[in-house]
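[1] Turn this into a model:
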Amino acid sequence: MGSIRKALSNIISGPDNSLDIRNLRYLPRWAILMIDIGLVTISTILTIFILLDLSPFQYTLLNFYEKALLVITMNVGFFFVFKTYAGIIRYSSNVDALKLLLSTCSAFVGLVAINYASYFLIGQKIFLIGGLLINLWISFSLLFLFRLSVKQFYEYFKILQKNESLINAVILGVDENAISIAGALEIEHPRRFRIVGFLTQDSHKRLRVLDKPVLKHTKKIHEELNSLGAEAIIFSEHTLSSEEKFKLVEECLEHDIAIYNAPLVSTWGGEPIANKVKTLQIEDLLDREPINLETQNKIEQLTDRTILVTGAAGSIGSEIVRQVAKYDPKRLIILDQAETPLHNLQLEVESKFPDLNFKVIVCDVGNQKRLELMFQNQDIDVVYHAAAYKHVPLMESNPHEAVFVNIHGTKNLADLAVKYNVGHFVMVSTDKAVNPSNVMGASKRAAEMYVQSLFHNQLQTGIGSTRFITTRFGNVLGSNGSVVPLFKKQIEKGGPVTITHPDIIRYFMTIPEACQLVLEAGAMGKGGEIFVFDMGEPVKIMDLAIKMIKLAGYQPNKHIKIRITGLRPGEKLYEELLNDECKTLPTHHKKIMIGQEVVRNYEGINENILKIIKSATKLKNDKVVAKLKELIPEFKSNNSSYEKLDNLKEIKKSEIN
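    Here you go, the predicted structure:
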């Protein structure tokens, strides 16, 4: 007896031994069925008593026990037909009520059919029709009230739990998605939110939804939340523009209102709602309106073609692979030197694109012989060149490596593309190549110059027909080494959040945006262009850090410190997408422009590139950087040991003058 009592105590008690009915397990189906049979039995007994009280006349073909057994049997049979016992009672819905109604009505119809069959065959009825109607009403009422009582008792008991600290939240929106989110959060266990109302921007508002007030959002949002006693807001409104959302978030952060984001209900899948409603992320604010691009031109270029993606295991390269795979290429060649990320990408592609014909190659783009063997064996139509070293401080310390990959690797691929008649060569570049202040940016600018001059050399000599196209964009949200994931990790560890300079600003775009640009450029490019993207307003990194700390629920410099570390070698306060001498031409898309850079003679560029590569093989850093500065006059080192080379150049100029 003691063990039974202990087991029951463990089932219904919380960790502090307080009564917690939410810890009760779900009743098994057979238990619900037995309760339903008991309720039908009670309704049958009540019906008999009511009939005896109303009228002395009764049909005598069967006695009361036999009649009761027949009624109960008929009801139980339809319980099995409609599976009324299969639901979880505490989560009963309108569908469960409908099943009960259909089950009891079907039992009534069945009993009426038996009643009249007896009348026509034997000449005597078994039941009074009025008695069957009374039984139908009582049995349905008892079954329905049982489920309603359990559901309401469970909900009421949850509210009474003293140890439950719920977040009073308002949902922004009053459409079907918002209502579904509110309903799911109400039955979530364990609960995190108590939904106290809805806010809507619609001109036609409903006064109450799910018995919660609906307010029209016309004044300050923090005042509206205060009027509802809310301390948090859940964004479910997916029709808000980025500017509208940003304005609302600014006000919420200013008044210490927690902000959460809920996805569309259609994307939930099988995951619990608890895993879907998350703290608003900075990406949700920096993510601009999606760019709408043509698909027909990319279908023509990619479908049934052999595509090579270099740097395929990286942030940009892997997204290019995903997007290209959707266009049903003849073959997709995935190349990178990073073994583990490449293996992970291979598993992903096998899972998401089981019918895709693809080949994974481990190769360094600096390995010319290995690349040539690949071009010999594969009839490649399009190259997306995303392989590059991109970390500024690392390349400042290792300029020879930047040359081997960013310059020599690009030269290898570009030369082979011409030799093996590749149709399109799309190079991924960076805004750091514009007026470069570091080795990484200079190496990418050198690569840009080489592919541009190589294309124009083809036009002049008639040798080769490859269209060389360059895409240039800024920082990519979520990419390896970008500032957003770095700040997230620092905040999770309790700080400090490190910023190199309080005035530093950067352009941002998302990975899908960047890769859309790459594919679009490859499709629209005629050759020799540098495509740049209208990336909107630049973001001040200090403001970005402050918003991320507040979104995480902390106060900057109170809970999480912000520390200024100083500019890193080669880093500058702002990046540019075009240099001072460059003009732009519009394209068919308002957010995509063509930068008209000055194209220099191929022979001179190639000669300088070969000298730079030769210097890199000797691992003489100063000589490598000096050669880069000769090739790229606008390359001025910033906060770097190589500034001395710029000083020497100025001294020589002054001596000549």
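[2] which residues does the nearest residue to residue 195 once chain neighbours are set aside contact?
    What sits nearest to residue 195 in space, not counting adjacent residues and going by CB to CB, 6 or more residues apart in numbering, is residue 182, at 4.8 Å. Every C-beta, even on glycine, is put in place using the N, C-alpha and C of the backbone. With contacts defined as CB atoms under 8 Å, 6 or more residues apart in numbering, residue 182 is in contact with 171, 195, 198, 209, 210, 212.
[3] For the last one, give me the backbone phi and psi.
    This points to residue 212. Per-residue torsions, residue 212: phi -120, psi 140 (degrees, to the nearest 10).
[4] max-length helix in this structure?
    When the chain is parsed with DSSP state H, its longest helix is helix 129-160.
[5] Now do the buried residues in the helix or strand just after that one.
    In the C-terminal direction, the helix or strand that comes right after helix 129-160 (DSSP states H and E) is strand 167-172. Residues of strand 167-172 classed as buried by neighbour count (16 or more other CB atoms under 10 Å): 167, 169, 170, 171, 172.
[6] so what secondary structure elements neighbour strand 167-172?
    With contacts defined as 3 or more CB pairs under 8 Å, 6 or more residues apart in numbering; DSSP states H and E, the packing partners of strand 167-172 are helix 176-187, strand 193-200, strand 232-235.
[7] Kindly recompute the last result at 6 Å.
    Packing contacts for strand 167-172, counted by 3 or more CB pairs under 6 Å, 6 or more residues apart in numbering; DSSP states H and E, involve strand 193-200, strand 232-235.
[8] Just the residues contacting it, thanks.
    The set of residues external to strand 167-172 that reach it, using CB atoms under 6 Å, 6 or more residues apart in numbering, is 178, 182, 192-199, 225, 228-237.
[9] got the angle for that strand vs helix 176-187?
    If you take axes from the mean of the first three to the mean of the last three CA atoms, to 10 degrees, strand 167-172 sits at 170 degrees to helix 176-187.
[10] now the nearest residue to residue 210 once chain neighbours are set aside: how far from residue 214?
    Leaving aside its chain neighbours, residue 210 sits nearest to residue 182 (5.7 Å; criterion: CB to CB, 6+ apart). Distance, residue 182 to residue 214, using CB to CB, to the nearest Å: 11 Å.
[11] quick one on the thing from earlier: and the longest helix of the chain, what does it pack onto?
    helix 29-54, helix 94-122.
[12] if we go to 10 Å?
    Counting by 3 or more CB pairs under 10 Å, 6 or more residues apart in numbering; DSSP states H and E, the packing neighbours recorded for helix 129-160 are helix 29-54, helix 64-82, helix 94-122, helix 176-187.
[13] weakest of those helices in terms of mean pLDDT?
    Note on the helices and strands packed on helix 129-160: helix 176-187 shows the lowest mean pLDDT, a mean of 76.
[14] I'd assumed residue 318 was in contact with residue 349.
    Yes: here residue 349 lies in contact with residue 318, judged by CB atoms under 10 Å, at a distance of 9.2 Å.
[15] how close does residue 304 sit to residue 331?
    Taking CB to CB as the measure, residue 304 falls 10 Å from residue 331.
[16] In terms of neighbours, single out the busier of those two.
    Comparing residue 304 with residue 331 by other CB atoms under 10 Å, the one with more neighbours is residue 331, at 17 against 12.
[17] Please name the residues that touch the more buried one.
    Contacts were defined as CB atoms under 10 Å, 6 or more residues apart in numbering; by that measure residue 331 touches 304-308, 356-359, 378-381.
[18] before we move on, the earlier item: between residue 304 and residue 331, what contacts are shared?
    Taking CB under 10 Å, 6+ apart as the contact rule, residue 304 and residue 331 both touch residue 381.
[19] one step back: mind putting the contacts of residue 331 in a markdown table, distance to residue 597 included?
    Below are those laid out as a markdown table (distance: CB to CB, whole Å):
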| residue | distance to residue 597 |
| --- | --- |
| 304 | 34 |
| 305 | 28 |
| 306 | 30 |
| 307 | 27 |
| 308 | 25 |
| 356 | 36 |
| 357 | 37 |
| 358 | 34 |
| 359 | 35 |
| 378 | 31 |
| 379 | 32 |
| 380 | 26 |
| 381 | 26 |
